[in-house]
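Asker: Sequence first, then the predicted structure, then my questions.
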Amino acid sequence: MKYEIKKFKDGQVAAKILEEGNLDVHIRGNSYDDLFAIAAIKEAWDAENSMNKTATATLSIYCLIGQRSDRRFNAKESFDLKVIANFINSMAFDKVEILHPHSPISLALIENASKLSHFPYVKKTFEAIGNPVLVSPDAGAYKTTHEIAEKLEADLVPSNKVRVDGIPQISIQGDVKDKDCLIVDDLADGGRTFKFLADALKKQGAAKVFLYVTHGQFNYGFDELKETIDHVYCTNSFKKIEDEFVTQFKVI
Ligand SMILES: O=P(O)(O)OC[C@H]1O[C@@H](O)[C@H](O)[C@@H]1O
């Protein structure tokens, strides 16, 4: 299904449907601009299809903006994911697919939503490295990484951020001595979580430490990460990266 997006000089976006049929839109979804462009496409498609009740509209979002803001962190602050979900819901897609959401709250807030699994990309990474031990960096990542480890028949070492006498520390709950480790998580923003975890893994004797994240933002570059991580694997859900330190899987 073809459509066209036009942007006016003042920033306004407009859409035009170029072909009849089901609507199948794929977006990064990591900007408000992206979401507004989709709203324009859906509005134009709805107008064309008001009499065609058999046509369906599917939206695939590869890196949902605001997915980490999945609660009201403090009183008087906005619950951003709710605002974003309300906007997506107003478009009334029949189906919304979201690649590796940070938490199930996205799927709960967005109507007709389902998860696109990151399993294929972790599997490729796992095979490229050659059977590393999987490491889940925190409690949030444990459940999904545990499911992946089961499917791959891989060893899993859970790690957690704990406080000892009030001081934050990384607790690695397994043996990593002389082993290749693959940290698996949903996204890297600055990447410091992984820099410190990789450092702790190496102090415990890990041979090499690799990082897989589905959404590679890396907003502060790679210099700090290169100090402790051997190689990074991610998808291009957030942006295209050209750096020898990173292997990217194309999803969009
Ligand atoms: O260390 P950075 O990259 O800033 O933050 C990434 C971490 O913050 C969490 O929300 C993510 O799930 C990941 O564990």
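Answerer: Okay, I see it. Bear in mind the structure is a predicted one, so any value in this text is a computation, not a measurement.
Asker: List the residues that contact Lys202.
Answerer: By C-beta atoms under 8 Å, 6 or more residues apart in numbering, the contact set of Lys202 is 209, 228. C-beta coordinates here come from the backbone N, C-alpha and C atoms, glycine included.
Asker: Could you pull out the helices in this structure for me?
Answerer: For the chain, the helices defined by DSSP state H cover 32-48, 80-91, 105-109, 119-129, 139-152, 192-203, 223-226.
Asker: Save those helices as CSV, and put in mean pLDDT and distance to Val209 too.
Answerer: Putting the helices of the chain into CSV (pLDDT from 0 to 100; distance: least, C-beta to C-beta, whole Å) gives the following:
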stretch, mean pLDDT, distance to Val209
helix 32-48, 97, 33
helix 80-91, 98, 31
helix 105-109, 98, 29
helix 119-129, 98, 10
helix 139-152, 94, 15
helix 192-203, 95, 4
helix 223-226, 96, 10
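Asker: What distance do you get for the nearest residue to Asp180 once chain neighbours are set aside to Tyr233?
Answerer: Excluding the flanking residues, the one nearest Asp180 by C-beta to C-beta, 6 or more residues apart in numbering is Pro132, at 4.0 Å. Separation of Pro132 from Tyr233 (C-beta to C-beta, to the nearest Å) stands at 11 Å.
Asker: Give me the common contacts of those two.
Answerer: Jointly contacting Pro132 and Tyr233 under the rule C-beta under 8 Å, 6+ apart are Phe210.
Asker: Contact residues of the stretch 151-252 of the chain facing the ligand?
Answerer: For the stretch 151-252 of the chain, the contact set with the ligand under C-beta under 6 Å from any ligand atom comprises 185-193.
Asker: Mark which of the residues you listed are buried, thanks.
Answerer: The neighbour-count test (16 or more other C-beta atoms under 10 Å) marks 185-188, 191, 193 as buried among these.
Asker: okay, and the helix or strand of the chain with the least pLDDT?
Answerer: When the helices and strands of the chain are scored by mean pLDDT, DSSP states H and E, strand 167-172 comes last with a mean of 87.
Asker: Pull up the pairing partners for that one, direction included.
Answerer: strand 156-164 (antiparallel) (DSSP bridges).
Asker: Any buried residues in the strand it pairs with, and which?
Answerer: Residues of strand 156-164 classed as buried: 156-159 (neighbour count, 16+ other C-beta under 10 Å).
Asker: Show me which of those is closest to the ligand.
Answerer: Using C-beta to the nearest ligand atom, Ser159 comes nearest to the ligand of the buried residues of strand 156-164, at 10.7 Å.
Asker: Beta-bridge partners for the closest one, please?
Answerer: Note on Ser159: beta-bridge partners Ile172, judged by DSSP bridges.
Asker: Distance to Ile98 added to the buried ones among the residues of the stretch 151-252 of the chain next to the ligand, as JSON lines?
Answerer: As requested, these are arranged in JSON lines below (distance: C-beta to C-beta, whole Å):
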{"residue": "Asp185", "distance to Ile98": "16"}
{"residue": "Asp186", "distance to Ile98": "11"}
{"residue": "Leu187", "distance to Ile98": "13"}
{"residue": "Ala188", "distance to Ile98": "18"}
{"residue": "Gly191", "distance to Ile98": "22"}
{"residue": "Thr193", "distance to Ile98": "22"}
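Asker: What separation is there between the residue nearest to Asp180 and the ligand?
Answerer: Here the distance between Pro132 and the ligand works out to 19 Å (C-beta to the nearest ligand atom, to the nearest Å).
Asker: so that residue touches Val184, yeah?
Answerer: No. The criterion here is C-beta atoms under 8 Å, and Pro132 misses it with Val184 at 9.8 Å.
Asker: Give me the more crowded residue out of those two.
Answerer: Neighbour totals were compared for Pro132 and Val184, and Val184 leads with 27 against 24 (other C-beta atoms under 10 Å).
Asker: In space, what's closest to the residue nearest the centre of the chain - neighbours in sequence excluded?
Answerer: Central residue of the chain (C-alpha atoms, centre = their mean): His215, 4.0 Å from the mean position. The spatial neighbour of His215 that comes closest, neighbours along the chain excluded (C-beta to C-beta, 6+ apart), is Leu187 at 3.8 Å.
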